[in-house]
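Enquirer: here are the coordinates; sequence isn't available:
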C-alpha cells in the first residue's frame, strides 16, 4: 500500500474508533489488523494535536487509547526528539508544583533559571503528558487536576518567558484540569478553574479577540452557577465585575443587549461592594454604571442620563483630586459629557455644569501630562 493510501487508511480507522460505541474498539482493530502498527500510533498523535486545536475533548481519549494500544503492542509512543526535553521539563514542573504549590516563589526561582524551556514545545506536549499521567493508575486524577490548576495560576502570573505563550499554557492547563477532574470534584474547585480560565481568556493575546471574549464570558457565567450571592458574595461580585468589563469590550452580540448586561452586572457588584466596605471598587463600579447609562439605548433617554450623572457624582464621593487624580479627572470628563447631553433641567445650566467639569478635568489633563 502506497504511503499516501496508508495514511488515508489510518485516518479512516481512527475516525471509526472515535465514532464507534464503547467496547467495539477491539473488534474494529481486529478487522483492520494490517493497519495496527507504529504508523497508526503516529497518526493518532497527529489527529490528537488537530483535535486539541479544535478544542475537541476526543483528543484526550485518543491519546489514552494510543497509550493502551502501544502497551499491548509493546511499542513506544512516537515522541519527536525535540519534544522529549519539553516533556521531561513538564514532568519535573508538575512534581515541583505538587511539592511547592503553597510557595510560588520556590517554583518561580527554578523557572527563572530555565526560561529556554518556556516555548511552543511545552504547549504541544502538555496534553500528551496529562494523558499519560491520567492513564497511570497510581496517579490520583483529582490530585493531577489540582496540580494543573496551580500550574495554570503560577504561569499566568509568571513574569518570565513570553507573556503570550504563558497565557496559552495557562489556558491549556485549566482546560486539561477540567477534563481530568472526576465527578468527585467539589463545585467550588470547578468554579475556581472556570473563573481563572475566564480571566486568562480575557487577557489572551493569541487568537481572535472576539472569540476570546466569548470564551471568557462563557467561563465566567459557568463559575456563577456556583458563585452565588448567598454562598460566595465576594467571588460572585468579582465575577460580575469581570462580566461587566467583558461585555463593555464585547465585539459580538447586539449593542443594546451588551449595555443591559453591563448595567445588570454593575448593579450586582454594588450589592457587595459598598462605599463603606470597598470604597475604591464602589467608585469604579459607579463610573462603569454611569458610562453604561450614558450610552444606553433602551429606556427613556432623559432618565438614563439622570442615572448616569448620579452615578458619576457618587464616584466623586471617593475620587478626589489629591488621592486619585487620574480617576477624578476621568470622572469629571464623563460627568461633562452627561451634562452636555442632559435633557432635563435648563439647557444653559446644563452646559455651564459641563464646562465647569471639563475645566476641572483639565487641571489634571494638561498639555505636558
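Expert: Nice, I can see it. From a predicted model like this one, the values you see are computed outputs, not experimental measurements.
Enquirer: low pLDDT regions in the protein?
Expert: For the chain, the stretches with pLDDT under 70 are 1-2, 74-82, 137-139, 182-184, 369.
Enquirer: ok, longest helix in it?
Expert: helix 81-100 (DSSP state H).
Enquirer: List the buried residues for it?
Expert: 83, 86-87, 89-90, 93-94, 96-97, 100 (16 or more other CB atoms under 10 Å). Any C-beta I mention is one placed from the backbone N, CA and C, and that applies to glycine too.
Enquirer: Likewise for stretch 163-181?
Expert: 165-181.
Enquirer: Over to stretch 264-273?
Expert: Counting neighbours by 16+ other CB under 10 Å, stretch 264-273 gives 265-266, 268-270, 272-273 as buried.
Enquirer: got it, and stretch 325-341?
Expert: In stretch 325-341, counting by 16+ other CB under 10 Å, buried: 327-339, 341.
Enquirer: Give me the contact list for it.
Expert: 283-284, 287, 290-291, 294, 305, 308-309, 312-313, 315-316, 319-321, 350-351, 353-355, 357-358, 360-361, 363-365 (CB atoms under 8 Å, 6 or more residues apart in numbering).
Enquirer: chain center to it: distance?
Expert: Taking CA atoms, centre = their mean, to the nearest Å, one finds the center of stretch 325-341 at 32 Å from the center of the full chain.
Enquirer: What of stretch 279-294?
Expert: That offset, for stretch 279-294, works out to 24 Å (CA atoms, centre = their mean).
Enquirer: Kindly report the same for stretch 49-65.
Expert: With CA atoms, centre = their mean, you get 20 Å for stretch 49-65.
Enquirer: now do stretch 19-33
Expert: 37 Å.
Enquirer: Just the buried positions in that stretch, please.
Expert: Neighbour counts using 16+ other CB under 10 Å place 25, 29, 32 of stretch 19-33 among the buried residues.
Enquirer: now do stretch 312-328
Expert: For stretch 312-328, by 16+ other CB under 10 Å, it's 312, 314-316, 318-319, 324, 327-328.
Enquirer: Who are the contact partners of the nearest residue to residue 90 once chain neighbours are set aside?
Expert: Excluding its sequence neighbours, the residue lying closest to residue 90 (CB to CB, 6 or more residues apart in numbering) is residue 129, at 5.1 Å. Residue 129 makes contact with 87, 90-91, 94, according to CB under 8 Å, 6+ apart.
Enquirer: hang on, the earlier thing: give me the subset of the buried residues of stretch 264-273 lying in helices.
Expert: Per DSSP H, the buried residues of stretch 264-273 map to helices at 265-266, 268-270, 272.
Enquirer: Out of these, flag the one nearest to residue 46.
Expert: residue 265 (42.6 Å; CB to CB).
Enquirer: Make sure the closest one is actually in contact with residue 238.
Expert: No - the criterion here is CB atoms under 8 Å, and residue 265 misses it with residue 238 at 11.1 Å.
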